[in-house]
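K.L.:
Prediction below, plus the sequence it came from.
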Amino acid sequence: MRIGILQTGQSPEPLREAAGDYPDMFVALLAPYGFNLVTYNVEQMQFPNDLQECDGWLITGSRHGAYEDHAFIPPLEDFIRKVMAAHIPLVGICFGHQIIAQAMGGKVERYEGGWAVGPQSYDFGGEAITLNAWHRDQVTKLPDGAKVIACNDFCANAALVYGDTAFSVQAHPEFKDDFVDGLMTTRGPGVVPDSLMAEAREKLGQGNDSQAIAARIAAFFQRQG
């Protein structure tokens with residue numbers, strides 16, 4: 001299957017040589033499943049010419065807010081609505097999770113409860129799954145047709161499905177622990193409370209369930225193939 005990665009941001013330049021950019025992380029995460037992954041840098045206005053160029057689409061994370069005024073956001077929302085109407089499988093991660101919800105009529109806001117950083121445990125229908133997170137924005141109002149399939153006390157809408165067309169997750173299965181540590185070094189100071197980063201660092205290295213989500217993403221795409 002040919003999966004189009006819609007890149008909506010860049011990893012910090014100091015981390016890029018070791019960890020790669022966001023599309024590279026998804027290539028590594030989904031490597032066991034044999035997908036042909038191609039990247040469209042929509043942040044730089046490089047959009048697909050046609051919905052059918054790929055068998056499925058995946059929207060990456062970004063440092064941008066879905067509600068902010070950036071040139072790429074309106075055409076991305078339009079693309080999302082067209083993909084959904086055509087029932088082409090769509091996956092969203094973090095910003096991708098948020099922009100799908102917003103495009104379909106939901107609401108994304110800066111969460112008053114603060115940040116989620118590092119390993120977080122989520123309830124996926126009774127199964128506890130630990131994933132790395134890096135976000136303050138959240139989906140605070142669900143669009144019509146969205147169903148919550150994961151949550152925790154901090155994030156009520158941590159993963160959503162839209163029928164059999166879209167699957168989105170607030171956390172980052174593609175983020176390895178060393179990359180999260182690097183984010184705390186490069187983007188955290190003065191933004192994320194020091195105490196929260198210290199707590200996150202204590203949890204790094206204990207393992208997480210990113211491959212469980214990779215398997216869910218792969219199964220979602222493969223069911224549509």
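P.N.:
Cool, got the structure. Numbers count the residues shown, from 1 in each chain.

K.L.:
all contacts plus neighbour counts: C-alpha atoms, from now on.
P.N.:
Fine.

K.L.:
May I see the buried residues of stretch 132-150?
P.N.:
In terms of neighbour count (16 or more other Cα atoms under 10 Å), stretch 132-150 has its buried residues at 132-140, 142-143, 146, 148-150.

K.L.:
now do stretch 45-60
P.N.:
Taking 16+ other Cα under 10 Å as the criterion, stretch 45-60 shows 47-48, 51, 54-60 as buried.

K.L.:
Closest one of these to Gly105?
P.N.:
Ranked by distance to Gly105 (Cα to Cα), the buried residues of stretch 45-60 are led by Ile59 at 17.4 Å.

K.L.:
Can you tell me which of the buried residues of stretch 132-150 lies closest to Thr165?
P.N.:
Comparing those against Thr165 with Cα to Cα picks out Ala146 as the nearest, at 10.4 Å.

K.L.:
Find the centremost residue of the protein, please.
P.N.:
In the chain, the residue lying closest to the centroid (Cα atoms, centre = their mean) is Ile93, at 1.2 Å.

K.L.:
which residues does it bridge with?
P.N.:
Val169 (DSSP bridges).

K.L.:
distance of it from His64?
P.N.:
Going from Ile93 to His64 by Cα to Cα, to the nearest Å gives 13 Å.

K.L.:
How about Val91?
P.N.:
18 Å.

K.L.:
same check, this time on Thr185
P.N.:
From Thr185 over to His64 (counting by Cα to Cα), the distance is 19 Å.
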